[in-house]
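Chemist: Here is a sequence with its predicted model. Questions after.
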Amino acid sequence: YANFKKYQDMPPLEKWTNISEKLPGRSPTACQAKFAQIDPDREQREQRVIKRWNEEECNKLEKLVQKYENNWDKVAAELPDRSPTQCQTKYRSLHPSGKTHWSEEEIDKLFESVKVHGNNWVETAKDLPGRSPTSCKNMFNKATE
């Protein structure tokens, strides 16, 4: 699959002809059909139109991220015309992890949360608004060195 990424920007006929030349005994149509079995959502993704996020979509994104805990495939499945990457990128733009300095209160809250949730950083991050699971883990590890 990864080897075929270089062909993704080619026109369809040229793409499948080039790929079939690398696979003796396979026609362009056979290659396209097999790839459709491997990646059935490819055509839908390629036809996706890029559009601005509206307020309703942003609100729905917020709720879905809470529901699915950053499982971007599940989030995107409930947002028509949005890919998992688009959802993740938009969510991160709505919640920038630009916070770098941790206050003493936040560090105390981090330790309290770790006592409750252990190494479940997703749950810990829920107790620390504006902090990502990775940020919580990194700060905890730094603070306990």
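Modeler: That came through fine.
Chemist: least trustworthy helix or strand in this protein by mean pLDDT?
Modeler: helix 42-47 (a mean of 60; mean pLDDT, DSSP states H and E).
Chemist: Next SSE downstream of that helix?
Modeler: helix 55-68 (DSSP states H and E).
Chemist: buried set for that following helix?
Modeler: Buried residues in helix 55-68, counted by 16 or more other Cβ atoms under 10 Å: 57, 60-61, 64-65, 68. For glycine as for every other residue, the C-beta is placed from the backbone atoms N, C-alpha and C.
Chemist: Return the closest of the residues you listed with respect to residue 87.
Modeler: The nearest member of those to residue 87, counting by Cβ to Cβ, is residue 61 at 6.2 Å.
Chemist: Take the buried residues of helix 55-68 and lay them out in TSV including pLDDT and distance to residue 23.
Modeler: Formatted as TSV, the buried residues of helix 55-68 follow (pLDDT from 0 to 100; distance: Cβ to Cβ, whole Å):
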residue	pLDDT	distance to residue 23
57	91	41
60	92	42
61	89	40
64	92	39
65	86	41
68	88	38
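Chemist: which one of those residues sits closest to residue 103?
Modeler: For these, the nearest to residue 103 is residue 65 (24.6 Å; Cβ to Cβ).
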